Each structure stands twice: as structure tokens, then as C-alpha cells.
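Peer 1: Sequence below, structure please.
(chains A and B)
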Amino acid sequence: ILNVEQSPQSLHVQEGDSTNFTCSFPSSNFYALHWYRWETAKSPEALFVMTLNGDEKKKGRISATLNTKEGYSYLYIKGSQPEDSATYLCAPPRSARQLTFGSGTQLTVLP
Amino acid sequence: DVKVTQSSRYLVKRTGEKVFLECVQDMDHENMFWYRQDPGLGLRLIYFSYDVKMKEKGDIPEGYSVSREKKERFSLILESASTNQTSMYLCASSSQAGGTDTQYFGPGTRLTVL
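Peer 2: Residues are numbered from 1 along each chain as shown, chains lettered A, B, ... in the order given. Here you go, the predicted model:
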């Protein structure tokens, strides 16, 4: 089982604040990292798949960076909105078909 | 759009009952997964199937079994439900190409075992 750590475990920010959180994973044998967003009462949905060191992906106000040499990825949210409130999960693959999920960062954006 | 459906959103069962959780996907995906999610522990893999009638144990298979008789359907079975199996259960599917493939999730079943 891969050791995947996400920090912080939970985060409260005010509407309009920018925020970021971290996913740490083993850097050896790396080939991809997934980010998911899981809103309450909904299904987890994919945000990004990142494969290359130095990769940066962006979707609206959300972006992510990847450092495969040191084994971490940052997720940034610019100008947080209440609809950004969710648990954000990262997941590196541990085999050709399986992912290992971190325990997530629970973000609450206060109006 | 990929759609993964689960048979129930909420389920309450008694200790010792046999419980079936059903999952259906409509994208002809080869891979299907059952996870459980508990506070502070993230998603933990129970079982995985990469083809009809094929299955592999995940990290926490004890107390569970699975069935995949058709490609689109993957069932999780609790042979004799216990209170420590109270949890949120999520089904997911993905295509065969490998670790960069996105998993698509169902809405989850919150199971309470009394």
C-alpha cells in the first residue's frame, strides 16, 4: 500500500480567499497523480490527471502543480467560493489499474 | 457522460443479515471497484474486478465478497453484516488502459448496521 498524505486534514477560509493544500506520495516509480473533488451528497469527480514533473493543470479557479522528484503536488484555489466547499482527494496509482487515495483535505468556504 | 449508479443511497440492516450492494455502469468499462470511506481514513479498496467473473482482493476484503456476472454490474456482498461494516460504500469504474485512467464514481450507499 502506498503512503499518501494530504494536509491539512481540514481548512476553513472566507469567501474570496485563496488557498492551497498538499498531497505527498512516494516519488519512486511515479507515473501519474489524480485529483478528485468530492462534494457532500455527490459522487467524487475527477479534476486533474498529472503525469509529468513540473506539470501544471488549471480548471477555472483551481490549479495544480506536480513535483515528481520530491513526491508532492499542490492544489490551489483562487478566490474561493462557497461552491468550492468539498473534500479534495489525491490518488497516485499503485498498479496498472488501481489507485491509492489520500484521506483528503476538507475545505469549507464561509460566505 | 459516464454514469455509475448504485442501488440504494441509504440502507439500514441488522447484524447478521446478508446485504447486497449493487453497482451498474453504462460506459462498457472493464474495471470496477468497491471502496468504503470512513472519517479520517480516505477511500479504502475492498475488491476490484478487471473482467467478468474476475476479481482481486483490495486492502480490506475481510467480511466481503463480490460478484461480476455481467460487464456492467458489480455487486458487493456482506455475508453476515456486522456493526463495524457501518460505512459509506462507493463503487467506481474505469477503462482498461491503465493507471492514468480516471475512475468514475457512483453516488455512494450509506450503510448502517444495527
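Peer 1: near chain B, which residues of chain A show up?
Peer 2: By Cβ under 8 Å from any Cβ of the partner chain, the residues of chain A that approach chain B are A:1, A:4, A:9, A:31-32, A:34, A:41-46, A:49, A:51, A:89, A:91, A:93, A:95-99, A:101-104. No exception for glycine: its C-beta is placed from N, CA and C like everyone else's.
Peer 1: which of those are buried?
Peer 2: Neighbour counting by 16 or more other Cβ atoms under 10 Å in any protein chain shown classes A:4, A:32, A:34, A:43-44, A:46, A:49, A:89, A:91, A:93, A:97-99, A:101-104 among these as buried.
Peer 1: any idea what sits nearest residue 11, other than its immediate chain neighbours?
Peer 2: You didn't say which chain, so I picked chain A. Nearest non-adjacent residue to residue A:11, counting by Cβ to Cβ, 6 or more residues apart in numbering or on different chains: residue A:107, 5.1 Å away.
Peer 1: try again with chain B
Peer 2: Spatially, and ignoring its direct neighbours in sequence, residue B:11 is nearest to residue B:111 (4.9 Å; Cβ to Cβ, 6+ apart).
Peer 1: Give me the number of neighbouring residues for that neighbour.
Peer 2: Residues within reach of residue B:111, counting by other Cβ atoms under 10 Å in any protein chain shown, total 21.
Peer 1: buried ones in the helix or strand encompassing the residue nearest to residue A:11?
Peer 2: Secondary structure assigned from DSSP states H and E places residue A:107 in strand A:105-110. For strand A:105-110, a neighbour-count test (16+ other Cβ under 10 Å) marks A:105-107, A:109 as buried.
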